[in-house]
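Peer 1: Here's my sequence, what's the structure:
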Amino acid sequence: MGKSRSDMSQAKHTAPPRKAAYVATVYSHLAAFHLPFMEDLRREGVEVHAYGHPDHRREKVTSEGFECRDIAFSRRPLSWGNVKALFQMIRWLRRERYDLIHVHTPNASLITRLAALLSGSRGVVYTAHGFHFHTGSSRLGWLIYYPLERFMSRFTDTLITINQEDYERASGFPVRNRVVYLPGVGVDISLLSPVANASEVELRNELGIRNPAASLVVLCVAELNRNKNQQQLIHAVYSLTQRGVPVVLLLAGVGTEEAEYIKLCQQLGVEDQVKFLGYRQDIQELMQAADVLALVSRREGLPKVLLEGLAAGKPILATDVRGSRDLVLHGDNGYVIPVDDSQAAAAALQELYDDPQLRRRMGERSRKMAPRYDLKLIRPMMREVYDELLANNRTRERGAARLR
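Peer 2: As a prediction, the model looks like this:
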């Protein structure tokens, strides 16, 4: 039996399913920070595809039910892979005609926004996880990245910033729609509460810490690379060891500088005081085992690990860089120290070792700051950004239909 006229009319006016692309240089970025927001889109009936260079966390993205499209992105700007990635993205964007394209990380965001321009795509959201130009950055960073980001903002519908310094600078960019400030990617603060039936000493024993009750345990969760600058902490550990302080540094992460850091520990004779834990997923337990959370980066956006440290109620040692300054108040919930000043790091850690009550007070201050960064608050903020862009797309489509 053939379809009735009303059936055909209804089919004609049924809107096609909405689609969104989530893009980052590597899948681990999406897996670490963006799966909750991708899930929110899917719950709204949006089909979500992930784009990135394959790495060790691609399986995590696929296990959450998101289709992955591998792209030849490279972190090196002048790599041939990025040229290939541009043509790959143009083909995918022309084929899929996305309603929303959310881009992350410097290289992937540049390439994908160019691809969106060349393919005639709109609805481009760019989250700047920390511009390469910032207070204290090199002149070269300003000469290259500032004009590039400002120019590319012309092809960005909404630009999301996650710290106050970036927001103030980006507010003058010629973005199509608007610049938005969101307080980071958020953390589920309920997941960072102490683990039931697991004592601090037991967790330290499991990590192989020889003197679990007396040691000052410092945790750093970050990729082992030059920007994260773990060598500053290693030198601080050496200084403390020379003073007789029983300190242990836990380095959770992998990266290009791991071999160099291991060599540095051997040279300084602190192999027993610095433990390389590799890639870990038990951050909750590691936080509970630590006295202090440390992050001594040269550059940050709004580091998620510090948000986790707030939720876990830890005193925080951080360098005086954009993003980290938003989360650590010197002398209140931790210490803010100069980049590369290992003696300042050692002095701060010495104070925390000498005064357990100070550690507790700073930890309580961190815990009180945590709710403002709760994922439950960030998710509806992001949905509002998406709803606005999707509504704008529908308005443009209706206008185009009337012209036809």
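
Peer 1: ok, so what distance separates residue 312 from residue 288?
Peer 2: Distance of residue 312 to residue 288, given as Cβ to Cβ, to the nearest Å: 7 Å. Just so you know, the C-beta spots here come from the backbone N, C-alpha and C atoms, and that holds for glycine as well.

Peer 1: Please identify which of these two sits among more neighbours.
Peer 2: residue 312 (26 against 22; other Cβ atoms under 10 Å).

Peer 1: List the contacts of residue 31.
Peer 2: 57-58, 60-61 (Cβ atoms under 8 Å, 6 or more residues apart in numbering).

Peer 1: And for residue 150, the neighbour number?
Peer 2: By other Cβ under 10 Å, the residues close to residue 150 number 16.

Peer 1: And for the one 3 residues further on?
Peer 2: In terms of burial, residue 153 registers 20 neighbours under the definition other Cβ under 10 Å.

Peer 1: Just give the nearest non-adjacent residue to it, would you?
Peer 2: Residue nearest to residue 153 in three dimensions, not counting chain neighbours: residue 173, with 3.9 Å by Cβ to Cβ, 6 or more residues apart in numbering.

Peer 1: Run a quick check on that neighbour versus residue 158, I expect a contact.
Peer 2: No - using Cβ atoms under 8 Å, residue 173 is not in contact with residue 158, being 11.3 Å away.

Peer 1: Please compare these two by neighbour count and tell me which comes out ahead.
Peer 2: Each of residue 173 and residue 158 has its neighbours counted (other Cβ under 10 Å); residue 158 has more, 22 against 15.

Peer 1: Report the contact partners of the more buried one.
Peer 2: The contact partners of residue 158, taken as Cβ under 8 Å, 6+ apart, are 124-126, 175-180, 385, 388-389.

Peer 1: Also residue 186?
Peer 2: Residues in contact with residue 186, defined by Cβ under 8 Å, 6+ apart, are 36, 307, 373-379.

Peer 1: ok, now how distant is it from residue 216?
Peer 2: 30 Å.

Peer 1: so where's the protein shaky on pLDDT?
Peer 2: 1-15, 194-198, 393-404 (pLDDT under 70).

Peer 1: related to what we said a few turns ago, neighbour count, distance to residue 69 and secondary structure for the contacts of residue 186 - can I get that in TSV?
Peer 2: Putting these into TSV (neighbours: other Cβ atoms under 10 Å; distance: Cβ to Cβ, whole Å; DSSP: H, G, I helix; E, B strand; the rest coil) gives the following:
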residue	neighbour count	distance to residue 69	secondary structure
36	16	21	helix
307	25	29	helix
373	23	31	helix
374	17	32	strand
375	19	26	helix
376	12	30	helix
377	13	31	helix
378	21	26	helix
379	15	25	helix
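
Peer 1: okay if I get those residues as TSV plus distance to residue 262?
Peer 2: Shown next, in TSV, are the contacts of residue 186 (distance: Cβ to Cβ, whole Å):
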residue	distance to residue 262
36	35
307	29
373	34
374	37
375	35
376	40
377	40
378	37
379	40
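
Peer 1: quick one on the thing from earlier: please, a PyMOL command that selects the buried ones among the contacts of residue 158?
Peer 2: In PyMOL, a selection of the buried entries from the contacts of residue 158 looks like this (16 or more other Cβ atoms under 10 Å):
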select buried, resi 124+125+126+175+176+177+179+180+385+389
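
Peer 1: From the contacts of residue 158, which land in strands?
Peer 2: Among the contacts of residue 158, the members found in strands (DSSP state E) are 124-126, 178-180.
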